[in-house]
Structure formats: structure tokens, C-alpha cells
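**Q** This is the structure alone, sequence omitted:
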């Protein structure tokens with residue numbers, strides 16, 4: 001039986017008693033085995049003596065009975081083999097029982113240590129178990145006596161409390177009857193007063209709610225009217241801005257067309273003047289001597305260079321026209337936002353025309 005720190009005293013006692021019984025049984029078996037070994041040794045000695053005597057007798061009669069020698073040898077071999085097996089079996093049993101005895105003694109020591117630790121004992125003798133049981137019985141009897149005394153006291157207290165409770169219940173019922181009548185009257189009076197006050201409060205709340213509802217409806221109407229007025233103003237402003245934008249866009253488109261026309265006109269004039277000058281110079285050069293051909297060719301190259309420069313000027317005018325168109329569009333957008341007026345549009349128009357007429361001033 002396994003013993004641990006949670007084992008009860010009765011379990012420890014039963015295990016201890018069982019180990020003592022096992023110890024006694026093993027000691028008895030050990031003694032019996034020892035006696036068996038001693039008896040076997042004695043029998044072996046007697047067998048050896050008998051065999052010696054028989055050997056002598058057989059030796060003396062061997063000359064007459066040679067045909068029985070093998071039988072005698074076989075008998076001795078059987079005796080020796082049986083004795084060896086018996087000794088081996090006895091030795092194994094003795095070893096096994098000795099191991100069991102050692103285990104039992106170890107378990108007894110563990111139980112004794114546990115009992116010492118549990119009961120605070122310094123040593124254990126043959127009266128220790130009896131003393132522990134006696135002490136346990138005394139404590140159990142003392143506990144039973146104390147429990148009985150407590151039960152008796154509690155029973156008396158419960159009886160007193162029961163009588164007191166019954167008396168209080170009787171007094172309470174008497175007082176409760178009178179109190180209930182008064183409470184009923186007060187409750188009825190309070191209910192009437194409460195109903196009246198509740199009706200007044202509800203009427204006040206209803207009037208206040210209606211007044212608040214009317215005020216909110218008026219505020220809502222005012223807000224709606226204000227919103228509609230602002231919305232109309234917003235739509236009118238947007239419409240005016242759209243008209244202004246269309247007007248500025250149309251003027252910008254007309255300005256683009258005028259600028260393009262002026263540029264084309266200027267290009268045509270410059271080209272005609274260049275061609276006319278070239279023709280005049282060509283006629284003059286044609287009348288020169290053949291020896292002056294080199295000079296004439298150089299002049300022609302100069303004229304070609306001038307034409308190239310004029311072409312570059314035309315390209316610059318186109319770039320300036322694009323820049324002017326870009327600036328005109330930006331000014332038109334600003335005019336849509338309210339930053340321009342009719343005078344500014346006229347000034348823009350004059351500036352654009354002036355730049356178209358005098359393109360070299362912008363370089």
C-alpha cells in the first residue's frame with residue numbers, strides 16, 4: 001500500500017501493520033530456508049558418507065559383481081546432480097526473500113519517518129502505535145463532547161430566537177394592521193395630489209412643446225427664405241460671370257484674329273521690301289563688270305543673310321504672338337473673376353495691337 005503526505009492515520013496504521021506482518025512472515029520463511037539449507041547440507045554429508053561406505057563395500061565385492069559398477073556410477077551422478085539443483089534453488093529463493101525483506105524494511109523506514117514527521121516524534125518503539133491510536137481516540141472523544149455541547153447551546157439559542165421571533169411577529173402584525181390603514185389613507189391622498197400635479201406638469205410641457213415647435217417652424221421658414229435669396233443671388237452672379245466670360249473670350253478670339261492678320265501683313269510687307277531691294281541690287285550688280293562678280297556674290301550672300309535674319313524675326317514674332325495670346329487668355333480669366341473691367345479690356349486690346357505693330361520693341 002503506497003503512503004504519502006495525504007494519507008490518513010488509519011491508512012498509515014494499516015500499512016504499518018501490514019509491513020510488520022510481512023516482515024514477520026519473511027523472517028519465518030528465511031528461518032525455514034536456513035533450516036532447509038542446513039538439512040540439505042547434513043543430508044549431503046550423510047549421502048557422501050553412505051556413498052563412501054557403499055563404495056568400499058562395492059570395491060570389496062567388485063571382483064565378484066563387475067556387472068553393477070555402471071549402475072552405481074549412475075546413481076552417484078544422479079545424487080550429485082539433484083543435490084546441486086536443490087542447492088541452486090535454495091540459494092535463489094534465499095536471495096529473492098532477502099531482497100523482499102530489504103524492500104519491506106526500506107518501506108518500514110519510510111513509514112516510520114513519515115509518522116515521526118507527522119506526529120513530531122523523535123523515535124518509534126513498540127508502544128508508539130498504541131500511544132498514537134490512544135491519543136487519536138482521546139482527541140476524537142474530546143471533539144465529540146465539544147460538538148455535542150455546541151449543538152446543545154445552538155439548540156437552546158435557536159429555541160430562544162424562535163420564541164423571540166414569534167413574539168416580534170405578533171407585535172408586528174398588530175402594528176402593521178394600524179399602519180396599513182394610515183398608509184392606505186396617505187396613499188390615496190398622495191395619489192390624488194400626484195395625479196393633479198402630474199396633469200399640471202403635462203399641460204405645461206405640452207404648451208412649452210407647442211411653443212417650441214412653432215418657434216422652430218418660424219426659424220425654419222426664415223432659414224429657407226434666406227437660403228433661397230442667397231441661392232438666387234448666387235445664380236445671378238454666376239450667370240453674370242458666364243456672360244462676362246463669353247464676352248471676354250469673344251474679344252480674345254477677335255484679338256487673336258487681328259494679331260494674326262497684322263503679323264501676316266507685316267510679313268508680307270517685309271518680304272516685299274526685301275524682294276524689291278534684292279531686285280534693285282541684282283539689277284545694279286548685273287550692270288557691273290564681270291571682274292566684280294565676286295563682290296556681287298558676296299553681296300548676294302549678305303542679302304541671303306538678311307533674309308535669314310528676317311525669317312528669324314518672323315519666327316520671333318510668331319513666338320511673341322503665342323506669348324501675347326497666352327497673356328491675353330490669362331487676362332481674360334482674371335477678368336472673369338472680377339479683376340478686370342471694360343477699360344482694362346480696351347487697354348489690353350491697345351497693348352496687343354501696339355505689340356503687333358512694333359514687334360522689335362519686345363526684343
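**A** Done, it's in. None of these values were measured; they are calculated from a predicted model.
**Q** what about the helices in the stretch 201-350 of the chain?
**A** Per DSSP state H, counting those that start in this stretch, the stretch 201-350 of the chain carries helices over the ranges 293-336, 342-357.
**Q** same for the first one, what does it pack against?
**A** Taking 3 or more CB pairs under 8 Å, 6 or more residues apart in numbering; DSSP states H and E as contact, the helices and strands that helix 293-336 lies on are helix 128-286, helix 342-357. Yep, even glycine has a C-beta here, placed from its N, CA and C like the rest.
**Q** Out of these, indicate the one that is most buried.
**A** helix 342-357 (a mean of 14; mean count of other CB atoms under 10 Å).
**Q** between the helices of the stretch 201-350 of the chain, which has the poorest average model confidence?
**A** With a mean of 59, helix 342-357 has the lowest mean pLDDT of those.
**Q** sorry, back to before: for the helices and strands packed on helix 293-336, give me JSON lines that also has distance to residue 94.
**A** Output for these, formatted as JSON lines (distance: least, CB to CB, whole Å):
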{"stretch": "helix 128-286", "distance to residue 94": "31"}
{"stretch": "helix 342-357", "distance to residue 94": "136"}
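**Q** Can you flag the weakest of these by average pLDDT?
**A** helix 342-357 (a mean of 59).
**Q** Can you pull the domain assignment for the chain?
**A** Taking automatic domain parsing as the domain assignment, the ranges for the chain are 9-49+69-124, 240-362.
**Q** Quick check: mean pLDDT of the first one?
**A** The average pLDDT for domain 9-49+69-124 rounds to 65.
**Q** Could you measure from residue 311 over to residue 242?
**A** 43 Å (CB to CB, to the nearest Å).
**Q** do residue 181 as well
**A** Counting by CB to CB, the gap from residue 181 to residue 242 is 89 Å.
**Q** Equivalent analysis for residue 113, please.
**A** Taking CB to CB, one finds residue 113 at 110 Å from residue 242.
**Q** Same check on residue 321?
**A** According to CB to CB, residue 321 stands 28 Å off from residue 242.
**Q** One more: residue 161?
**A** With the distance defined as CB to CB, residue 161 ends up 99 Å from residue 242.
**Q** Residue 102 now?
**A** Applying CB to CB, the value for residue 102 to residue 242 is 118 Å.
**Q** and if you look at residue 319?
**A** Counting by CB to CB, the gap from residue 319 to residue 242 is 32 Å.
**Q** OK, contacts around residue 222?
**A** By CB atoms under 8 Å, 6 or more residues apart in numbering, no residues touch residue 222.
**Q** Look at residue 114 and say how many residues are nearby.
**A** By other CB atoms under 10 Å, the residues close to residue 114 number 17.
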